[in-house]
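**Q** Whatever this is, show me its structure:
(one chain, ligands or ions: 2)
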Amino acid sequence: MSLFKALTIAGSDSGGGAGIQADLKTFQELDVYGMSVITAITAQNTLGVHAVYPQTVESVVAQLKAVAEDLKPEAVKTGMLFSKEIIQAVAEQIENYQLKNLVIDPVMIAKGGGQLLKDDAIDALCEYLLPKATLITPNLPEAMRIADMKKVETITDMKKAAKRIYHLGVKHVLIKGGHLSSDQKAIDLLYDGSTYYSVSSDRIDTKHTHGTGCTYSAAITAELAKGNELYKAVNKAKHFITCAIRHSLAIGNGIGPTNHRGHRIENKEG
Ligand SMILES: Nc1ncnc2c1ncn2[C@@H]1O[C@H](COP(=O)(O)OP(=O)(O)OP(=O)(O)O)[C@@H](O)[C@H]1O
Ligand SMILES: Cc1ncc(CO)c(N)n1
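**A** Residues are numbered from 1 along each chain as shown. Ligands and ions are numbered 1, 2, ... in the order given. Predicted coordinates:
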């Protein structure tokens, strides 16, 4: 049996629910060998981000080189990238090693508050990384910033934003509807430059959604690493994140994490 490998380039969440920790748990659950490049260490729990300690550009490049020269991932995701210097360095190395199946989760602000991307880094993300990516997965506030719109609150807004983001050079755009109003289904909108696809599930009534975006983009990356085409990878990942939210964990005193074993519980694998 072939062993597929996926890489996450992201920040560490000491609380274990988002960031590198969520990505590696997801890769493992989906039978993909996981590797990591850590861009920043956050002191974080279910209540919020207490502190951010970015890595140097030298550290990020050294980690990326070590992985790319030896282990050769079939797919790569980026999460928290923090600064334009880190974004530029990551983009250069992705080009240098011709890394394929790149998924960008344009992480900006943590659910409990806490800035994970500097304001002046959004332009760098659009200029250097988007043109290299297979997919970008913004939530509604992130889509609003990247598409440079005043609001993204409805399905009509999501369609407009997806088109604007597509024209920045990325191959596919998936706008996540987790932040749509609470009476609506959890509808995500996928756009490939010609067609809009709706990827939807029932909305689960829980406050424990820490790390949903990280887990979802990591699941898409794992499915791409296994050779699935994009639409199938997104649908499989949607099932994975929905199970993870349905069985999310009421731990800590704030917004608890998703349960990466949720899909096993639903499949009665224990
Ligand atoms: N209550 C919910 N019930 C079902 N699905 C949900 C719910 N909340 C979010 N989702 C789904 O979870 C996925 C992640 O979306 P979301 O918009 O929450 O990401 P995010 O804001 O980037 O998350 P985070 O910042 O915590 O990483 C999407 O598929 C979204 O539709
Ligand atoms: C390190 C990290 N990355 C991403 C998120 C997204 O919520 C988070 N809270 N923390």
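**Q** Which positions in the stretch 151-270 of the chain make contact with ligand 1?
**A** Counting by C-beta under 6 Å from any ligand atom, the stretch 151-270 of the chain comes close to ligand 1 at 176-179, 186, 188, 201, 203-204, 209-214, 216, 238, 241-242, 245. No exception for glycine: its C-beta is placed from N, CA and C like everyone else's.
**Q** Pull the contacting residues for residue 216.
**A** 137, 176, 237, 238, 240, 241 (C-beta atoms under 8 Å, 6 or more residues apart in numbering).
**Q** now, which of those sits nearest ligand 1?
**A** Nearest to ligand 1 out of the contacts of residue 216 is residue 176 (C-beta to the nearest ligand atom; 3.7 Å).
**Q** Show the pLDDT at the closest one.
**A** Listed pLDDT for residue 176 reads 97.
**Q** close enough to count as contact, it and residue 188?
**A** Yes: contact status for residue 176 versus residue 188: in contact at 5.0 Å, counting by C-beta atoms under 8 Å.
**Q** what is in contact with these two at once?
**A** Joint contacts of residue 176 and residue 188 (C-beta under 8 Å, 6+ apart) do not exist.
**Q** got the contact list for residue 83?
**A** 54, 118, 121.
**Q** Rebuild the residues you listed as a markdown table, extending it with distance to ligand 2.
**A** Converted to a markdown table, the contacts of residue 83 look like this (distance: C-beta to the nearest ligand atom, whole Å):
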| residue | distance to ligand 2 |
| --- | --- |
| 54 | 11 |
| 118 | 14 |
| 121 | 14 |
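**Q** Can you select the buried ones from the residues you listed in PyMOL?
**A** Command for PyMOL that selects the buried part of the contacts of residue 83, burial taken from 16 or more other C-beta atoms under 10 Å:
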select buried, resi 54+118+121
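**Q** out of the contacts of residue 83, who's nearest residue 21?
**A** Closest approach to residue 21 among the contacts of residue 83 (C-beta to C-beta): residue 54, at 17.5 Å.
**Q** if you skip the residues just before and after it, what's nearest to the closest one?
**A** residue 40 (4.4 Å; C-beta to C-beta, 6 or more residues apart in numbering).
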